[in-house]
Each structure stands twice: as structure tokens, then as C-alpha cells.
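Q: Starting from these lines, generate the structure:
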Amino acid sequence: MSGLTRLGRRRLENLANTWNPRMEAATDDASLAKVCFDRAKAAARSAQRGGNPRAMHELAVLLATWAEGHETAEARRL
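A: Okay, the predicted model is just below:
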């Protein structure tokens, strides 16, 4: 975490303290995916509040691209 201010390091520690236990508590891949999705949405909202109005859109594009890749791979197996 070099290059971060003390406040920046503390922010990351707080986020880790929030999300890591939730991820560890996930009992299956679906619940882990939900926690990670919630984390990504929270990060996008925070980025928007911090001045990046496209953050949620960027997340949506990333997820859509991931889904399309898996959908295409599945279609090829048919």
C-alpha cells in the first residue's frame, strides 16, 4: 500500500474490515458473488460521490461483458 496517505490506508483497512468477513461468511459461490456484487456497487456509488459520474456505468459494462463471454462460451458448447 505504498504511495497512500495515512487516511487512504485507513480507508482501505476499514473497507477490508467491512467486506472480508462478509466474503468469508459466504457459504457458497452464489452468496459470495452477491457479496462481491454488493461491494462493487458500493465502490461505484463511492466513486460517483467522489466525482466519477460514470462509475456505475463502467461497472455495468464490465458485468455485461463478463456475462456475454460466459453466455457465448455456453452457446458454443451446445
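Q: CA atoms for contacts and neighbours, from now on please.
A: Noted.
Q: Show me what the helix of greatest length in the chain is packed against.
A: In the chain, with assignment by DSSP state H, the single longest helix is helix 55-77. Using 3 or more Cα pairs under 8 Å, 6 or more residues apart in numbering; DSSP states H and E as the contact criterion, the secondary-structure elements in contact with helix 55-77 are helix 29-49.
Q: mean confidence for the helix it packs on?
A: Here helix 29-49 scores 98 as its mean pLDDT.
Q: Just the CA coordinates for that helix, please, in CSV.
A: What follows is the C-alpha trace of helix 29-49 in CSV, where atoms were taken according to Å, rounded to 0.1, in the frame of the first residue of the first chain:
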residue,chain,number,x,y,z
ASP,A,29,-20.4,-19.3,-4.7
ALA,A,30,-23.7,-17.7,-5.2
SER,A,31,-23.7,-15.9,-1.9
LEU,A,32,-20.0,-14.9,-2.4
ALA,A,33,-21.0,-13.5,-5.8
LYS,A,34,-23.8,-11.5,-4.1
VAL,A,35,-21.4,-10.0,-1.5
CYS,A,36,-18.9,-9.2,-4.3
PHE,A,37,-21.6,-7.6,-6.4
ASP,A,38,-22.7,-5.5,-3.4
ARG,A,39,-19.1,-4.5,-2.8
ALA,A,40,-18.7,-3.4,-6.4
LYS,A,41,-22.0,-1.4,-6.3
ALA,A,42,-20.8,0.3,-3.1
ALA,A,43,-17.5,1.1,-4.7
ALA,A,44,-19.2,2.6,-7.7
ARG,A,45,-21.5,4.7,-5.6
SER,A,46,-18.5,6.0,-3.6
ALA,A,47,-16.7,6.7,-6.9
GLN,A,48,-19.7,8.7,-8.1
ARG,A,49,-19.8,10.7,-4.9
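Q: Could you shift the numbering so residue one becomes 43, and keep it that way?
A: Let's use 43 as the start, then, which means that last one is helix 71-91.
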